[in-house]
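K.L.:
Sharing a model that was predicted from the sequence below.
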Amino acid sequence: MSKIPVMEIFGPTIQGEGSMIGQKTMFVRTAGCDYSCSWCDSAFTWDGSGKEYITQLTAEEIWAELKRIGGDGFSFVTISGGNPALLKNLDSLVALLKEQGIKMGVETQGSRWQDWFYEINELTISPKPPSSGMKTDFGILDEIFTKLQNNQHHVSLKVVIFNDEDYEYGKAIHHRYPDIPFFFQVGNDDSTTTDDSKLISRLLQKYEWLIDKVVQDQDVTNVKVLPQLHTYVWGNKRGV
Ligand SMILES: C[S@@+](CC[C@H](N)C(=O)[O-])C[C@H]1O[C@@H](n2cnc3c(N)ncnc32)[C@H](O)[C@@H]1O
Ligand SMILES: Nc1nc2[nH]cc(C(=O)O)c2c(=O)[nH]1
Ligand code: SF4
Ligand SMILES: [Mg+2]
């Protein structure tokens, strides 16, 4: 059986972001990313600092770990990373979870397509704005939405916003794919601090700033504005 590079498996917790916010879920976080966003809150998946936590697991071993820590108390699994879309062989995990009656969410930046996307119940595509330092490949992004358009697939767009330029980028993404549910997400520019009360008041201010922009903007109507809910509860803690 082929092995999947896994950084962490945790839960049950709640989905803190995007279209499934509040959903009780387990998480499987894969290792490795084709991007290196300047503000990545999960840089340990790709910058070498989490190397010792990476294990190579088969789909069956991941399922066994999910059951060991989650018991019968879950029916949803979110696969994030790193970029899980780098892994063609995640099809084995996706098939196994489907067989077990588990619904799945995936978090990816939209830089790669995989055929197993068709099996995902809630696919979140999160293109990266200028502040990340990354360049969006619109060819691949177009391909992803073209492939998914005739499927009853739940796919949404989520763009993290740190500044005005990011906001303009988010709008451009929304206007390019107007039929895809769109989420503006507050950027966390201090993803290492352990001072939770300082972090939360800062993130609340940023949330208010982002809400103000959206409510005053005549060019955007059908969008949602969300914080990373888990940071308000657990700060920058890992594995929650
Ligand atoms: C860690 S990424 C992993 C999945 C995939 N690589 C991606 O970027 O979509 C999961 C989500 O966290 C978001 N994220 C990463 N760092 C963040 C930060 N500092 N503040 C807010 N959101 C962040 C990403 O934009 C993405 O939507
Ligand atoms: N609770 C919780 N919700 C999340 N939503 C997306 C996450 C991610 O890192 O991909 C994440 C995470 O790490 N924790
Ligand atoms: S694409 Fe996602 S995991 Fe990769 S560096 Fe950017 S935020 Fe981090
Ligand atoms: Mg996270």
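P.N.:
Sure, I can see it. Ligands and ions are numbered 1, 2, ... in the order given.

K.L.:
Quick one, grab the pLDDT at residue 150.
P.N.:
Residue 150 carries a pLDDT value of 74.

K.L.:
no no, residue 73
P.N.:
98.

K.L.:
repeat for the one 10 residues further on
P.N.:
The confidence metric pLDDT takes the value 99 at residue 83.

K.L.:
In contact with it, which residues?
P.N.:
30, 32, 33, 34, 35, 108, 109, 111, 112 (Cβ atoms under 8 Å, 6 or more residues apart in numbering). The C-beta positions use only the backbone N, C-alpha and C, and glycine is treated the same way.

K.L.:
could those go into a markdown table alongside secondary structure?
P.N.:
Listed next are the contacts of residue 83 as a markdown table, based on DSSP: H, G, I helix; E, B strand; the rest coil:
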| residue | secondary structure |
| --- | --- |
| 30 | strand |
| 32 | coil |
| 33 | coil |
| 34 | coil |
| 35 | coil |
| 108 | strand |
| 109 | coil |
| 111 | coil |
| 112 | coil |
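
K.L.:
Restricted to buried residues, select those in PyMOL.
P.N.:
Applying 16 or more other Cβ atoms under 10 Å to the contacts of residue 83, the buried members can be selected in PyMOL as follows:
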select buried, resi 30+33+35+108+109+111+112
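
K.L.:
of all the contacts of residue 83, which comes closest to residue 100?
P.N.:
residue 30 (18.9 Å; Cβ to Cβ).

K.L.:
then whichever strand or helix holds residue 13 to CSV, C-alphas only?
P.N.:
Using DSSP states H and E, residue 13 sits within strand 4-14. Presented in CSV, the C-alpha positions along strand 4-14 are these (Å, rounded to 0.1, in the frame of the first residue of the first chain):
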residue,chain,number,x,y,z
ILE,A,4,0.9,9.3,2.7
PRO,A,5,3.2,11.8,4.5
VAL,A,6,1.2,12.9,7.5
MET,A,7,2.2,15.8,9.8
GLU,A,8,-0.6,15.4,12.4
ILE,A,9,-4.0,13.8,13.0
PHE,A,10,-6.2,15.5,15.5
GLY,A,11,-9.8,16.1,16.7
PRO,A,12,-12.6,16.0,17.2
THR,A,13,-12.6,19.7,17.1
ILE,A,14,-14.6,22.3,15.1
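
K.L.:
which stretches of this structure aren't confidently modelled?
P.N.:
Where the chain drops to pLDDT under 70, the residues are 151-152.

K.L.:
The residue nearest the centre of it: what's it in contact with?
P.N.:
Centroid-nearest residue in the chain: residue 107, 3.2 Å away (criterion: Cα atoms, centre = their mean). Residue 107 makes contact with 17, 18, 78, 79, 80, 81, 84, 124, 126 under the criterion Cβ under 8 Å, 6+ apart.

K.L.:
Of the contacts of residue 83, just say which sits nearest to residue 219.
P.N.:
Among the contacts of residue 83, and counting by Cβ to Cβ, the member closest to residue 219 is residue 109, at 24.3 Å.

K.L.:
State the distance from that closest one to ligand 1.
P.N.:
4 Å (Cβ to the nearest ligand atom, to the nearest Å).

K.L.:
Which residues lie in contact with that residue in this structure?
P.N.:
Going by Cβ under 8 Å, 6+ apart, residue 109 touches 35, 83, 85, 125, 126, 127, 128, 134.

K.L.:
which one among those gets closest to ligand 1?
P.N.:
residue 126 (3.4 Å; Cβ to the nearest ligand atom).

K.L.:
from memory the closest one sits against residue 132, does it?
P.N.:
No: assessed by Cβ atoms under 8 Å, residue 126 is found out of contact with residue 132, at 10.1 Å.
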